[in-house]
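Participant: Take this sequence and fold it.
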Amino acid sequence: MQTELCEHVAEIQISYRPAIARKPQIRSILDAYTEFLHFYPKDTIALQERFFAMYLNTSNRVIGVFPVSSGGIAGTCVDIRLILSVALKVLATGLILCHNHPSGSLEPSAADKMITNKIKEACTFMDIRLFDHLIISSEGNYYSFSKERII
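Facilitator: The predicted structure follows:
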């Protein structure tokens, strides 16, 4: 019976190979904003909304940035389970979110506030700290949920 089961069930393998290269350390909102800018092409930042998650280790060094979703002009779909599954896989202890508003407005929408709150609650269960959620625009500025005390 056991042999038959093994033929139909996939084995899960886990590996962990952190990059040896020096990782940037996030010490401020500006540091996070600067790192996120590398992921938004200047030519299309005003065209399409994109949502990214930055994963941090216990020293607030960047483990990596994950492209969560890409949408249209007025929005994008954000899957909380996807954000947290990546956080758990890379052993992140901190998280910073970022998305752009193609309209150029930095004002968070009700949906922005709602998803941020849901992600924060989910992070709490996994002992992952949500440091911030940034909204950026093509104008070269940003809105910080933590600075505005929304997080």
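
Participant: what ranges do the strands span in this protein?
Facilitator: Here the chain has its strands, by DSSP state E, at 50-56, 62-70, 94-100, 129-136, 142-144.

Participant: Just say which of these is most tucked in.
Facilitator: The highest mean neighbour count among these, using mean count of other CB atoms under 10 Å, belongs to strand 94-100: a mean of 25. All C-beta spots, glycine's among them, are computed from the backbone N, C-alpha and C.

Participant: picking up where we left off before, could I get the strands of the chain as CSV with distance to Val9 and mean pLDDT?
Facilitator: Converted to CSV, the strands of the chain look like this (distance: least, CB to CB, whole Å; pLDDT from 0 to 100):
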stretch, distance to Val9, mean pLDDT
strand 50-56, 30, 97
strand 62-70, 28, 95
strand 94-100, 32, 98
strand 129-136, 35, 98
strand 142-144, 46, 98
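
Participant: most centrally placed residue in the protein?
Facilitator: By CA atoms, centre = their mean, the chain has its centre lying nearest to Ala53, at 1.1 Å.

Participant: Which residue ranges of this structure form helices?
Facilitator: With helices called from DSSP state H, the chain shows them at 2-8, 29-37, 80-89, 110-125.

Participant: got JSON lines for the ones you listed, with mean neighbour count, distance to Gly104 and mean pLDDT too?
Facilitator: What follows is the helices of the chain, written out as JSON lines (neighbours: other CB atoms under 10 Å; distance: least, CB to CB, whole Å; pLDDT from 0 to 100):
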{"stretch": "helix 2-8", "mean neighbour count": "7", "distance to Gly104": "53", "mean pLDDT": "61"}
{"stretch": "helix 29-37", "mean neighbour count": "17", "distance to Gly104": "16", "mean pLDDT": "97"}
{"stretch": "helix 80-89", "mean neighbour count": "16", "distance to Gly104": "25", "mean pLDDT": "96"}
{"stretch": "helix 110-125", "mean neighbour count": "15", "distance to Gly104": "15", "mean pLDDT": "97"}
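
Participant: Could you export those helices to CSV, including columns for distance to Glu49?
Facilitator: CSV is the format used below for those (distance: least, CB to CB, whole Å):
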stretch, distance to Glu49
helix 2-8, 41
helix 29-37, 14
helix 80-89, 16
helix 110-125, 11
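
Participant: Figure out which of those helices is closest to Glu139.
Facilitator: helix 29-37 (12.5 Å; CB to CB).
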